[in-house]
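# Next come a sequence and a model predicted from it.
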Amino acid sequence: MNTPKWYNWLINRNAGHNAIKIGVLEFFGIKPVKISVFSGIKSSDDIKRKKWFKEVMELGENQK
């Protein structure tokens, strides 16, 4: 969404997160659901994106 975290929480009340988390994943019995937010996608540089990618890889490895 490229929306700042604070704006998504304050204005949108995390509507997109809640729709996927509650309306889809938890509905089908997937629990717990944890959400990681990476904002500022359009303005990020290659170094920042590589850092995010590393975080995602670590999160995935910890789920085994």
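Noted; the coordinates are in hand. Residues are numbered from 1 along each chain as shown.
# which residues sit against the longest helix seen in the chain?
Ranked by residue count and defined by DSSP state H, the top helix of the chain is helix 46-61. By Cβ atoms under 8 Å, 6 or more residues apart in numbering, the surrounding residues in contact with helix 46-61 are 36, 38, 40, 44. The C-beta positions use only the backbone N, C-alpha and C, and glycine is treated the same way.
# What about the second one, how many residues nearby?
Put plainly, it is residue 38. Around residue 38 there are 15 other residues, counting by other Cβ atoms under 10 Å.
# so how far is residue 20 from the closest residue to it other than its chain neighbours?
Residue nearest to residue 38 in three dimensions, not counting chain neighbours: residue 52, with 4.8 Å by Cβ to Cβ, 6 or more residues apart in numbering. Per Cβ to Cβ, to the nearest Å, residue 52 is found 19 Å from residue 20.
# Then residue 30?
According to Cβ to Cβ, residue 30 and residue 20 sit 11 Å apart.
# out of those two, which sits in the busier spot?
residue 20 (13 against 10).
# buried residues in the helix or strand that contains that one?
Assessed by DSSP states H and E, residue 20 sits inside helix 15-20. For helix 15-20, a neighbour-count test (16 or more other Cβ atoms under 10 Å) marks residue 17 as buried.
# average model confidence for that helix?
The average pLDDT within helix 15-20 is 93.
# mind checking which helix or strand of this structure has the lowest mean pLDDT?
helix 5-10 (a mean of 89; mean pLDDT, DSSP states H and E).
# What is the distance between that one and the centre of its chain?
Offset of helix 5-10 from its chain centre (Cα atoms, centre = their mean, to the nearest Å): 13 Å.
# Over to stretch 48-58?
Per Cα atoms, centre = their mean, the centroid offset for stretch 48-58 relative to its chain is 12 Å.
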